[in-house]
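Peer 1: show me the folded form of this:
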Amino acid sequence: MPNEKKVFVSIYCKIFTDSFSGELVNRMATGTDIFNFLIEDAGMSFDKEGHLIPGDCNLWYLGCNEKFGCLRVKDRIMEWDFGESSFERVESFLSLIYLEGVFTDEQYQILLEKINEGRQVDNMYDVSKYLVAKREGEPWVKTEEALRFRDDMKRFVAKVKEHLKNEDFIFLD
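Peer 2: All right, here's what the predicted structure looks like:
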């Protein structure tokens, strides 16, 4: 649609060795652009044989990654650090875009449903296992790792920081 409203957005998170798409970093985008990007496959889920598993939408990695990221709509910036990802933040981001009149009601509802599905997984390292279970019609139960991976990452970062301080590195806040 040529007359779709555009809004300035930035959508990014650090996953693996910087594998998340930079397609919507610091740019003007329509609701359709944003919607399509968020539900499109990230292409990072593989089965045990190394075959790509479809269905790992970009949206999920924003809510359940272990590192850091940033969501921005206009002048509203929502960022997180190691072990602080959350679907609540992603939902707030989508709500801001919706309130700007950029998403249609249907787009917004579909994205909220995808968030709810992502909350069932809640750990980027479980996405592949979840998609295999879904494909095979097996029930999914959130893993123990999903319940603790954020805290594990925070502890790891704290240990690294403490080690570097002991080596006389200086941290500026």
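Peer 1: okay, CA-based contacts and neighbour counts for the rest of this
Peer 2: Will do.
Peer 1: what are the ranges of the strands in this structure?
Peer 2: 6-13, 27-30, 69-73, 76-80 (DSSP state E).
Peer 1: possible to save those strands as a markdown table with mean neighbour count?
Peer 2: Compiled in a markdown table, these are given as follows (neighbours: other C-alpha atoms under 10 Å):
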| stretch | mean neighbour count |
| --- | --- |
| strand 6-13 | 22 |
| strand 27-30 | 17 |
| strand 69-73 | 21 |
| strand 76-80 | 14 |
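Peer 1: possible to save these as a markdown table with mean pLDDT and distance to residue 148?
Peer 2: Shown next, in a markdown table, are the strands of the chain (pLDDT from 0 to 100; distance: least, C-alpha to C-alpha, whole Å):
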| stretch | mean pLDDT | distance to residue 148 |
| --- | --- | --- |
| strand 6-13 | 95 | 20 |
| strand 27-30 | 97 | 34 |
| strand 69-73 | 95 | 19 |
| strand 76-80 | 93 | 17 |
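Peer 1: closest one to residue 164 among those strands?
Peer 2: Closest approach to residue 164 among the strands of the chain (C-alpha to C-alpha): strand 76-80, 21.8 Å.
Peer 1: okay, the angle between the closest one and strand 6-13?
Peer 2: 10 degrees (axes from the mean of the first three to the mean of the last three C-alpha atoms, to 10 degrees).
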